[in-house]
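> Okay, sequence plus prediction incoming.
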Amino acid sequence: MHIPQFHSEMSEQLIRIPEVLQNPEKVIQSQSDDEVELFYQFIFQMPSRKENQYGARSKSLV
């Protein structure tokens, strides 16, 4: 599966995928594949291993 292999920091978020597909906040057409749409939902309280320069966790997209 693509997410665990290339986005290991998102592995714990796999359970959110059905919700994002059903209720996306944003859908974008892929620039590299005309048959692919990218579904996004903004998650502000998602755990992250990366912190920004101010020590606060940044918002993430699922």
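Noted; the coordinates are in hand.
> any low-confidence regions in this structure?
Applying pLDDT under 70 to the chain picks out residues 45-62.
> How about the helix or strand hosting Leu21, which residues are buried there?
Using DSSP states H and E, Leu21 maps to helix 17-22. Neighbour counts over helix 17-22 (16 or more other Cβ atoms under 10 Å) mark Val20 as buried. Where you see a C-beta, it was placed from the backbone N, CA and C, and this is true even at glycine.
> What of stretch 24-34?
Neighbour counts over stretch 24-34 (16+ other Cβ under 10 Å) mark no residue as buried.
> end-to-end on it?
End-to-end span of stretch 24-34 (Cα to Cα, to the nearest Å): 19 Å.
> mind listing the helices in this protein by residue range?
Along the chain, counting by DSSP state H, helices occupy 2-6, 17-22.
> out of these, which comes closest to Glu37?
If you check each of the helices of the chain against Glu37 by Cβ to Cβ, helix 17-22 wins as the nearest, at 10.0 Å.
> Show me what that closest one is packed against.
Judged by 3 or more Cβ pairs under 8 Å, 6 or more residues apart in numbering; DSSP states H and E, helix 17-22 is in contact with strand 37-40.
> Who are the contact partners of Val27?
Neighbouring residues of Val27 by Cβ atoms under 8 Å, 6 or more residues apart in numbering: Glu37, Leu38, Phe39, Tyr40.
> what about it, distance to Ile3?
As defined by Cβ to Cβ, to the nearest Å, Val27 lies at a distance of 18 Å from Ile3.
> before we move on, what about Ile15?
Distance from Ile15 to Ile3, by Cβ to Cβ: 11 Å.
> Compare the two and say which is more crowded by neighbours.
Ile3 (14 against 7; other Cβ atoms under 10 Å).
> tally of neighbours for the closest residue to that one other than its chain neighbours?
Spatial nearest neighbour of Ile3, excluding adjacent residues (Cβ to Cβ, 6 or more residues apart in numbering): Met10 at 5.3 Å. Using other Cβ under 10 Å, Met10 has 18 neighbouring residues.
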